[in-house]
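[1] Everything below, folded, please.
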Amino acid sequence: MQTSGKTVRQMLAPTLLALAMFGPAAQAAGLVPPPGYTAGVEKVKTGENNFTCEAVPKPYTDSLQFRSKYEGSDKARATLNVKSEQAFRDATKDITTMERGISKMVMQYMRDGRPEQIDCALNWMDTWAQAGALESTDFNHTGKSMRKWALGSMSSAYLRLKFGAGQALAQHPEQAQRIEGWFSKLADQTVSDWSNLPLEKINNHSYWAAWSVMATAVVTDRRDLFDWAIKEYRVAANQIDAQGFLPNEMKRKQRALAYHNYALPPLTMIASFAQVNGVDVRPENNGALQRLGQMVLKGAKDPEIVKDRNGEKQNMDDLEVESKWAWLEPYCQLYTCPPDVVERKREGQPFKTFRLGGDLTRVFDPAHDKGGS
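    Numbering: from 1, shown residues only. So this is what the prediction gives:
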């Protein structure tokens, strides 16, 4: 049967795709995020609208060869090179604009529910997807790092749309299909980029790669990606020693404590996503993740515990950035945090970080009074 040159099947394809991608039965049978991701839009606003859809950043399709901000440093990679950092930031500006922009627009949509917010976010991602952005196989370490960071930022923001705004997303089936296909392709490349590294090379970068793959696994309902992320988590957990230290982060000399703290966001998020999908990784290596968290919390109060271990006075600058503590949200759901840690968490809320998809307080501690956005 033909209708205006199209078969009935062709005409129904978008509807069938939407049902397959967003239907409750499909989601119930597949991978899911923690419950806070299904909360939906806070309150649909219909009054004055100040939202403006900015121009899409130019899709980054060039080689992923970037200078490191630690260029010229010794093996510790702990001494900042101001010139190379600026060169790096200039070269990656469109990528970070994309990451931050998607996170911001998705958070705005989940707060306000205005159609133009989700339309704009999807247009940004679809434009990059159709351009094949970030897919280059010509990369160095900094380049493949940017790829996995960007994937994690976008996938974890998109999760909020897929599971918290499924009906709205289902109105854009073709865009959603292209975006998810692109995420899937980037995840496959990320798995290739970060697999089979020698143990002495596996550090926080591998954990962030595993987080980006975990977020994408849930977005695309791919169990193979989920399993890879769990495998990489277990490698990480088994690097944590009896005192809660990560040997490869201890090599970062004066930044060792900061990098231990930086390792916690991806690991706690992976553990949280694993748990809700029936895999409890908390017992791994005799409760290694909790040891790491406890060490960092203790070290923030008394950095001498790290200096006693590696002989270096610790640079505490990063630990004073509130968003760097966003891992406390999933951590305090995985474990019963003592009162002083709960108080520390309350003081920092709401925790927002684009590399984890936005407002983690709304996901893991929705009862907290955020006092606006």
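[2] contacts and neighbour counts: CA atoms only from here.
    Noted.
[3] what's in contact with the helix or strand where A288 lies?
    Using DSSP states H and E, the element containing A288 is helix 284-301. Helix 284-301 is contacted from outside by 234, 237-238, 240-245, 257, 260-261, 264, 267-268, 282, 305-306, 319, 335, using Cα atoms under 8 Å, 6 or more residues apart in numbering.
[4] Next step: the residues you listed restricted to helices.
    Residues of these located in helices (DSSP state H): R234, A237, L257, H260, N261, L264, L267, T268, I305, V306.
[5] Skipping its backbone neighbours, what lies nearest the fifth one in space?
    Just to be clear, that refers to N261. The shortest distance from N261 to any non-neighbouring residue, by Cα to Cα, 6 or more residues apart in numbering, is to V296 (6.1 Å).
[6] Now do the one you found against T353, distance only.
    Relative to T353, V296 is positioned 19 Å away (Cα to Cα, to the nearest Å).
[7] Which residue of the two possesses the greater neighbour count?
    V296 (25 against 21; other Cα atoms under 10 Å).
[8] okay, the more buried one: pLDDT?
    With respect to pLDDT, V296 scores 98.
[9] Repeat that for P33.
    Reported pLDDT for P33: 98.
[10] Nearest residue to it in space, please, no chain neighbours.
    F273 (5.7 Å).
[11] Surely that neighbour touches P34?
    Yes: F273 lies in contact with P34 (Cα atoms under 8 Å); the separation is 6.1 Å.
[12] more crowded one of these two?
    Taking other Cα under 10 Å, F273 and P34 do not tie; F273 has more neighbours (25 against 17).
[13] element containing that one?
    helix 256-276.
[14] model confidence over that helix, on average?
    For helix 256-276, mean pLDDT is 98.
[15] Point out the other helices and strands that it packs with.
    helix 204-220, helix 223-237, helix 247-250, helix 284-301, helix 328-334 (3 or more Cα pairs under 8 Å, 6 or more residues apart in numbering; DSSP states H and E).
[16] What segments of the stretch 51-200 of the chain are helices?
    Here the stretch 51-200 of the chain has its helices, by DSSP state H, counting those that start in this stretch, at 82-91, 93-112, 115-131, 141-164, 166-169, 173-194.
[17] Can you add mean pLDDT and give those helices back as TSV?
    What follows is the helices of the stretch 51-200 of the chain, written out as TSV (pLDDT from 0 to 100):
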stretch	mean pLDDT
helix 82-91	86
helix 93-112	97
helix 115-131	97
helix 141-164	97
helix 166-169	92
helix 173-194	98
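[18] now, of those helices, which is deepest in the fold?
    Most buried of the helices of the stretch 51-200 of the chain, by mean neighbour count (mean count of other Cα atoms under 10 Å): helix 141-164, with a mean of 24.
[19] between that one and helix 204-220, what angle do the directions make?
    On the basis of axes from the mean of the first three to the mean of the last three Cα atoms, to 10 degrees, helix 141-164 is oriented at 30 degrees to helix 204-220.
[20] Roughly how far does L134 sit from L246?
    30 Å.
[21] And L64, by the same measure?
    28 Å.
[22] Kindly report the same for Q167.
    Taking Cα to Cα, one finds Q167 at 43 Å from L246.
[23] which residues touch L257?
    By Cα under 8 Å, 6+ apart, L257 lies in contact with E249, M250, V296, G299, A300, P303, V306, Q314, N315, M316.
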